[in-house]
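1. sequence? don't have it. structure:
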């Protein structure tokens, strides 16, 4: 399940995209338009800035803006930053220890397929796609 952390991060990024030509967007404006507490947003944007997805400026005229064009961001990269791996099971995580049951596991092909579907879906969605009202 995708938590509020991941969902809100995507909403923040879309909000900033929609105001992209206006320079830096103050966090209070994002909080107001998204109906998310400013305190919680501060935690989320810190991670987004640390990962190089946003840039921020303090003080008068400050706020946040994208580091790249909206079409250069995938929903997958945002979700994995905020949520961690999209892998449904531990044995498929990046850098996972080899599973001793791998050769005999009857469920592994199902988990691999599910992971591919999920990964490919979120990595095929761009912020620019979500700026459209129908999200396609």
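-> Structure's in. What do you need? Computed from a predicted model, the values in this text were never measured in an experiment.
2. how much space is there between residue 129 and residue 14?
-> Spatial separation of residue 129 from residue 14 under the definition CB to CB, to the nearest Å is 10 Å. All C-beta atoms are positioned from the backbone trio N, CA, C, and that covers glycine.
3. my bad, should have said residue 24
-> According to CB to CB, residue 24 stands 16 Å off from residue 14.
4. what's the spacing between the residue nearest the centre of the chain and residue 60?
-> Compute the mean C-alpha point of the chain, and by CA atoms, centre = their mean the closest residue is residue 78, 1.9 Å away. For residue 78, the distance to residue 60 (CB to CB) stands at 29 Å.
5. which regions of this protein sit below the pLDDT cut-off?
-> 21, 133-136 (pLDDT under 70).
6. now the helices: where do they sit in it?
-> With DSSP state H, the ranges of helices along the chain come out as 4-18, 27-34, 38-50, 75-83, 108-124, 127-130.
7. Between the ones you listed, which one is closest to residue 89.
-> The closest approach between residue 89 and any of the helices of the chain, judged by CB to CB, belongs to helix 108-124 at 4.8 Å.
8. what's the spacing between that closest one and its chain's center?
-> Relative to the mean C-alpha coordinate of its chain, helix 108-124 is positioned 17 Å out (CA atoms, centre = their mean, to the nearest Å).
9. for stretch 71-79, same thing?
-> Centre-to-centre, stretch 71-79 and its host chain are 6 Å apart (CA atoms, centre = their mean).
10. Over to stretch 94-105?
-> For stretch 94-105, the separation from the chain centroid amounts to 28 Å (computed by CA atoms, centre = their mean).
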